[in-house]
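Trainee: Pasted the sequence and its predicted model underneath.
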Amino acid sequence: MRFEIRAGDIEYGGSASAHIKAQLTQMGIDAAVARRAGIISFEGEMNLIVYSDNGGIVEVLVEPETIMIEVQDEGPGIEDVELAMTPGYSTAPAWATDLGFGAGMGLINMRKNADRFEIDSRLGEGTRIRCWIDRPVDTGSGEQEAS
Amino acid sequence: MRLADLVNAIGGRIISGDDCPDLEIDRAFAADLLSDVLALTDEKTTLVTGMINPQVMRVAEILSITAVIFVRGKIPPPALVSYAKELDIPLVTTEKTMFETCGVMYENGVRACRTRSMDDAQRSA
């Protein structure tokens, strides 16, 4: 599943992630895993809407053992990733906080919900975040195709 | 407590979902900050909020929220209501404040949903 997210498009903010969660649930993915994937994707999607220059991509890859969520943009990049990962640290504009977002918990929440988390950000180039969630073994459901 | 009893207790009104009066409401989380709802709730829960933007329902969908109680007299826009109908998530509105609403719910046996603590969030950071 691949979604293009437009910068500033708050009206539809979160709709790609709601779709991702619904789709994963429909595929028979474990409910807890689908929920975590939805949360990670939602945080990433909101980040693209609030912070990116020109929007970006949210992509979900379903594999037999893991689900990978990749969130990517082409700028502006994060100046200090460690600082951005500090709980409560936020550079969100007022319009985002007015809507209940930009509390400085997004990246942390992505990391918390992932079994593996990678962030690569370069100022002026962009940011790529990849999160992997391990799927429980022996669920019995046979849905394994990538999408 | 039953959804119908909750609506009575808080002097509220069902906006959508009047077909499930017996829905059991036993856990709740109350916040306007949707970031916190996303970051802290750790199980299925009823959401008590004063936010009526479309993201409320998207967060509700992703977190499998049981029902949403809008406080301080907030009435969600029609688009949000029809989305909630599609998702089968009941919506209730009340004139009461968040504090009063939570107090009444607590008095009737509703308890805080399991949360991930902020300490955990900080440790992992």
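Mentor: That came in fine, so what should we check first? Numbering: from 1, shown residues only, chains lettered A, B, ... in the order given.
Trainee: And the helices in chain B, which stretches?
Mentor: Secondary structure of chain B (DSSP state H): helices located at B:3-9, B:34-40, B:54-62, B:78-87, B:98-107, B:118-124.
Trainee: What score does A:Glu11 have for pLDDT?
Mentor: Per-residue pLDDT puts A:Glu11 at 86.
Trainee: what's the neighbour count on it?
Mentor: 12 (other C-beta atoms under 10 Å in any protein chain shown). The C-beta positions use only the backbone N, C-alpha and C, and glycine is treated the same way.
Trainee: Flag the shaky bits of chain A, pLDDT-wise.
Mentor: Along chain A, the model assigns pLDDT under 70 to residues A:138-147.
Trainee: Restrict the helix or strand hosting A:Arg128 to CA atoms and write it as PDB.
Mentor: Using DSSP states H and E, A:Arg128 falls within strand A:126-134. Taking C-alpha atoms only, strand A:126-134 is exported to PDB below (Å, rounded to 0.1, in the frame of the first residue of the first chain):
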ATOM      1  CA  GLY A 126      14.700  15.000   3.700                       C
ATOM      2  CA  THR A 127      13.700  12.400   6.200                       C
ATOM      3  CA  ARG A 128      13.100   8.700   5.900                       C
ATOM      4  CA  ILE A 129      11.600   6.700   8.800                       C
ATOM      5  CA  ARG A 130      11.200   3.000   8.700                       C
ATOM      6  CA  CYS A 131       9.400   0.900  11.300                       C
ATOM      7  CA  TRP A 132       9.100  -2.800  11.400                       C
ATOM      8  CA  ILE A 133       6.500  -4.700  13.400                       C
ATOM      9  CA  ASP A 134       6.900  -8.400  14.000                       C
END
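Trainee: Check which helices and strands that strand is in contact with.
Mentor: Applying 3 or more C-beta pairs under 8 Å, 6 or more residues apart in numbering or on different chains; DSSP states H and E, we find strand A:126-134 packed against helix A:31-51, strand A:66-73, helix A:106-113, strand A:116-122.
Trainee: what angle separates the third one from helix A:31-51?
Mentor: With axes from the mean of the first three to the mean of the last three C-alpha atoms, to 10 degrees defining the directions, helix A:106-113 sits at 160 degrees from helix A:31-51.
Trainee: counting contacts, what elements does helix A:106-113 pack onto?
Mentor: Contacts defined by 3+ C-beta pairs under 8 Å, 6+ apart place helix A:106-113 against helix A:31-51, strand A:116-122, strand A:126-134, helix B:34-40, helix B:118-124.
Trainee: In TSV: those, plus mean neighbour count and distance to B:Val71.
Mentor: Conversion of the helices and strands packed on helix A:106-113 to TSV gives the following (neighbours: other C-beta atoms under 10 Å in any protein chain shown; distance: least, C-beta to C-beta, whole Å):
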stretch	mean neighbour count	distance to B:Val71
helix A:31-51	25	23
strand A:116-122	15	35
strand A:126-134	20	33
helix B:34-40	23	14
helix B:118-124	13	23
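Trainee: Below-threshold pLDDT in chain B: ranges please.
Mentor: For chain B, the ranges with pLDDT under 70 are B:117-125.
Trainee: residue contacts, residue 110?
Mentor: Using chain A here. By C-beta atoms under 8 Å, 6 or more residues apart in numbering or on different chains, the contact set of A:Met110 is A:39-40, A:43-44, A:117, A:129, A:131.
Trainee: switch to chain B, that's the one I care about
Mentor: So B:Val110 contacts B:1, B:6, B:25-28, B:46 (C-beta under 8 Å, 6+ apart).
Trainee: Those, buried ones only, as a PyMOL selection?
Mentor: The buried residues among those can be selected in PyMOL (16 or more other C-beta atoms under 10 Å in any protein chain shown) with this line:
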select buried, chain B and resi 1+6+25+27+28+46
